[in-house]
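S.K.: here is the input, now give the coordinates:
(2 chains)
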Amino acid sequence: MKPVAFDYARPRSLDSAIELLKSRSRAKIMAGAQTLGPMLNLRLVQPGLLVDITRIPELLKAETIGDEILRGACVSHAAIEDGRTPDVGSGFLRRIARGIAYRAVRTRGTIGGSLAHADPAADWLSALLVLGAFVEIAGTDGRRRVALSDFVLGAMQCDLASDELLAAIRIPSAIRTARFGYHKLCRKTGEFADAIGAVCLSSDSMTLVAGAGSGQPILFRDPSHFMRDGDPANAGAFDQDLAMQSLKRAGHGGDEYELQIQAVAMQRALQEAVR
Amino acid sequence: MDKAGIGASLTRKEDDRLMRGRGQFVGDVHLAGMLEVAFLRSPLAHARIKSIHVPEDLSDSVFTAADLDGVRPIRAVSALPGFKPSDQPVLATGKVRHVGELVAMCVARTRAEAEDMAARIDVDFEDLPAVHDMLKARDRNSALVHEDWGDNLFLETLVNDDMAQVARQAAVKVTREFRTARQCMSPLEGRGAVAQWDSRLAQLTITSATQMPHIVRSGLSECLGIDHGAVRVVAPDVGGGFGYKGILLPEEVCLSWGAMKLGRPLRWLEDRRENLTASANCREHHYVVTAYADKQGKLLGLDAEATVDSGAYSSYPFSACLEAAQVASILPGVYDFPHYHCHTFSAATNKPPILPYRGVARTGVCFAMELMIDAVARELGLEPTEVRMQNMVRPEQMPFDNITKKHFDSGDYPEALRRAIEAIDLKAVRKRQQRGDADGRHVGVGFAMYCEQAAHGTSVYAGWGIPMVPGHEQANARMTPDGGLELRVGVHSHGQGLETTLSQVAHEILGIPHEKIMVVHGDTALTPYSTGTWGSRCMVMAGGAVAAACDELALRARAIAANLLQTKPEKVTLLNGKAVSGKVSVELSEIARVWYRRPQDLPPDVNPSGLEVTAGYKPQRDSGTFSYAAHAVTVAVDPRTGEVEILDYVVVEDGGVLVNPMIVDGQIYGGVAQGIGTALYEEMPYDADGQPLASTFSDYLLPGATEVPSLRLFHMETPSPYTRFGVKGIGEGGAIAPPAAITNAINDALRPLGAELCVSPVTPRRIVEAIRAARTSRGAAA
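M.R.: Here you go, the predicted model:
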């Protein structure tokens, strides 16, 4: 199938992008278009105007500012995979990027596009959530900063008005000293995940994300209740049944199988982090 | 043996253009004034069309069934007793019978604009209950796909035997129910066609991605009511077929009609969504099988009921019955047992018409039979390979007529299995299982055997009585004035490498260098009639025909050479592109030059037909060649997630004499990749409304490079006693055994957990749920 006819604009500044979004009622932002492209072709999206934001220099930046790593929304997965951007841990972000879909998708796909699409199965959502990342949103009234956990409202839903765009991601760089674990289960290489476990373990805290369920990823700030002896640093004490119960209580809508593989993904991420 | 003839692993001649992106596919065709077509397809599986409203400004660009004067429905009959034919309207008439059925043809400058038009057509449908399941289709009170039939059965067949007697003698009786998912063949290139009317020749030229240009020509002639002479079908480079393109398409008929009506070339290119949602068309079988055996595992009889979901219409030319009727005749596989009862049903449902996919019914049949063998072995506490050994046809029985009268031409089936056991190292796997794996995964080993009837001809297909019955195959061989060779064949090559292998056959006989041999195929105006490329027949049939034409050409060349060398033709031999007699010789190119350009040097009694020959061929027996293979695989299964890793995969095959072993290896690789898709990934689910639930490749999973392991291939070579050079058809084989072998391996791995799967694909979810079910039933038992 081919898309319906639409207008196309490629602004060079954030302000003109926002102006375009304001001026047209059926305007749609295009970043890497790796999801939007197929949706256009399937006519599931029928925009009046596509605003291509990939040529706005500000959105391509990737640098460390103070105690944060900043990443422009249009930094591609490939740029991260290739180590061209600041990282955390021993290449944690590189590794996440490398596991996204296929290289062709990574070349065009962007980190901001992925977050704004808010597909629960997307890698960045779970990975950045466990890192305690913030997003920076640009709009008519200037900028606002939102914790990623507040930004994502549900599956394919996020806190973004029609005249706003996600401009940057900020990752606390204190996290550099932490240890990480990440495991995703998918039917085949490059496919969307069926379950994701992401773990960030620092000297005084541990967070764990269960992603790729039917709703938004679930953030556990105190995973000790999955552990038979309550010690989060002892992966051997992970209890699958307790984890499945916790997932259910936290609103994971999956059936037995989905809960089980979710728990396994969490356990494997945990094992990796404490290794 | 010459290094470039039969048996040489020559790199493929066609790859030079294909690997450089210089192939010419339907999508590369651009004609002056050409318009693009999009079809409005039915969104519903089963509904009555109450009205179709086309906006007035589109009346010259949108066409419905009411516009198609004189166009007949597609009708693929079968002579099998009791078969009910269906009329498949090229554009829906009265009602729609599957999602994706064509309702209207929209013509515009671009595809996008044609799709805009389709979106503006308003169809008033009256919903009818969808027949979405082949077993429910057999119910007396089911809705009817074709009302005038009175039921939903294209065909019912019965192989009758008294099983009560067998049941009394048998030490064990094992019953299993099997189901295989509906699949969608997924060649890299979809379907597509360009139709053009030539007013000078008063001829329609349709360029189509087809496996069988001559059959499409006959079909178009019948549906359009015009002479064969007024239709030319060209199949350019085609990006894979596998059976998906072995069909007369309603789209081809529409485009042809439209091109004649509008006087403009029309093109339609199938997109992946159409491919998936409108053409999920193969592999969906259901079986209930009971095997009877003695204590040693010797099979005493097999009792089976098989149902095939044939979809809504009988597709042209293979018909809706080929699959299920084939099930009955090939279910016994490589085994020899005395009693067999089999009842088959070809059920009509509100799904796209079934098409034969690489291996046709064999993939499902092999799954059912080979899982039964393992089930019997488990019941008796025997090694599954022992049960196979007990029951296989033995080499000293060859040629062997089996219980369904299939004539196995040659081979040593037990030896293939022995080699597979050794290669996979069965003993080592059993030891490893006893030790257990530290990561908690369970290791299993599985085997599957099959034999594959290929290049079967008149005697087989006359009985089916479908629109095409293969007879003699012809080839045309023509020497050019500069000593080159042109071969013209009616089959088509779309991945098989025939431009190379047929060249090897000619080279074997004439010694002409490959760079001077051109294989012309895919054009009804340029090639002899042929039923086309299907049934692993081309190397046997077209190869045999090319050999016959080259033999005759050699005879004529020797006669001319004898005159030039002043000797007798019988004293002349052809060697490395030369005609040799004793110490003197003349180049073939010189012989060609003499025939075409210096006829004054020809002998007075020269054959006036010259250096161009059309010759025909059929093997001594046309009941088919039987290549065969043993597949063995080890897997590791994670019982918590249902993940399956293929640790090792071994194929031991016998395809008779191989013309090009490297191409055969490629065929096996490709086939096994597809078989892995069937085993573990591919499934088109339908809901109760007959809606296909996968519409992109993110829902319909195909194995990719990372899901296909490195295979270890081993060859045996038992020449066919009936064919030229002893070749056997082998193109489909790789796709047959993987679902059976892999599922047997998974079941072997799950054995300690008491779980067994009898369904394909074996998904992680199915594995985890089977383990849970086994645990629950054990718990209940305890």
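
S.K.: list the buried residues of stretch B:326-346.
M.R.: When burial is assessed from 16 or more other Cβ atoms under 10 Å in any protein chain shown, stretch B:326-346 yields the following buried residues: B:326-337, B:339-346. C-betas here are computed from N, CA, C, even on glycine.

S.K.: next: stretch B:202-209.
M.R.: Of the residues in stretch B:202-209, those scored as buried under the neighbour-count criterion (16+ other Cβ under 10 Å) are B:203-209.

S.K.: contact residues of chain A facing chain B?
M.R.: A:1-5, A:38, A:42-43, A:185, A:187-192, A:194, A:240, A:256-257, A:260-261, A:264 (Cβ under 8 Å from any Cβ of the partner chain).

S.K.: if we use 7 Å, what do you get?
M.R.: On the criterion Cβ under 7 Å from any Cβ of the partner chain, chain B has as its neighbours in chain A the residues A:1-4, A:38, A:42, A:185, A:187-192, A:256-257, A:260-261, A:264.

S.K.: may I have the predicted confidence score for whichever residue of the stretch 151-275 of chain A sits closest to chain B?
M.R.: Distances between the stretch 151-275 of chain A and chain B by Cβ to the nearest Cβ are smallest at residue A:189, namely 4.0 Å. At residue A:189, the pLDDT value in this model is 90.

S.K.: with adjacent residues omitted, what lies nearest to it?
M.R.: Spatial nearest neighbour of residue A:189, excluding adjacent residues (Cβ to Cβ, 6 or more residues apart in numbering or on different chains): residue B:706 at 4.0 Å.

S.K.: contacting residues around the closest residue to residue B:61 other than its chain neighbours?
M.R.: The spatially closest residue to residue B:61, leaving aside those adjacent along the chain, is residue B:107, at 5.0 Å (Cβ to Cβ, 6+ apart). For residue B:107, the residues meeting the contact criterion (Cβ atoms under 7 Å, 6 or more residues apart in numbering or on different chains) are B:35, B:37, B:61, B:114, B:258, B:262, B:266.

S.K.: so what's residue B:107 bridging to?
M.R.: Beta bridges link residue B:107 to residue B:37 when assigned by DSSP bridges.

S.K.: that one and chain A, how far apart?
M.R.: From residue B:107 across to chain A, the span is 15 Å (Cβ to the nearest Cβ, to the nearest Å).

S.K.: look up phi and psi at the residue of the stretch 1-150 of chain A found nearest chain B.
M.R.: Across the stretch 1-150 of chain A, no residue is closer to chain B than residue A:2, which sits at 3.6 Å (Cβ to the nearest Cβ). Dihedral pair for residue A:2: phi -120, psi 150, per degrees, to the nearest 10.

S.K.: that one against residue B:111, yeah?
M.R.: Yes: counting by Cβ atoms under 7 Å, residue A:2 sits close enough to residue B:111 to count as a contact (5.1 Å).

S.K.: quick one: the nearest residue to residue B:294 once chain neighbours are set aside from residue A:65, how far?
M.R.: If you skip the residues right next to it in sequence, residue B:294 has residue B:171 as its closest partner in space, 5.0 Å away by Cβ to Cβ, 6+ apart. Going from residue B:171 to residue A:65 by Cβ to Cβ, to the nearest Å gives 79 Å.

S.K.: the residue nearest to residue B:370 when sequence neighbours are not counted: neighbour count?
M.R.: Residue nearest to residue B:370 in three dimensions, not counting chain neighbours: residue B:740, with 3.8 Å by Cβ to Cβ, 6+ apart. For residue B:740, the tally of surrounding residues (other Cβ atoms under 10 Å in any protein chain shown) stands at 33.

S.K.: got a pLDDT number for residue B:740?
M.R.: Confidence score, pLDDT, at residue B:740: 98.

S.K.: check residue A:230 too.
M.R.: The predicted local confidence for residue A:230 comes out at a pLDDT of 69.

S.K.: isn't residue B:301 right up against residue B:165?
M.R.: No: Residue B:301 sits out of contact with residue B:165 when judged by Cβ under 7 Å, with a separation of 8.6 Å.

S.K.: looking at these two, which is more packed in?
M.R.: When residue B:301 and residue B:165 are compared on other Cβ under 10 Å, the one with more neighbours turns out to be residue B:301, at 23 against 13.

S.K.: can you redo the buried residues of stretch B:202-209 as CSV with pLDDT and distance to residue B:192?
M.R.: Converted to CSV, the buried residues of stretch B:202-209 look like this (pLDDT from 0 to 100; distance: Cβ to Cβ, whole Å):
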residue, pLDDT, distance to residue B:192
B:203, 98, 21
B:204, 98, 17
B:205, 98, 15
B:206, 98, 11
B:207, 98, 9
B:208, 98, 7
B:209, 98, 5
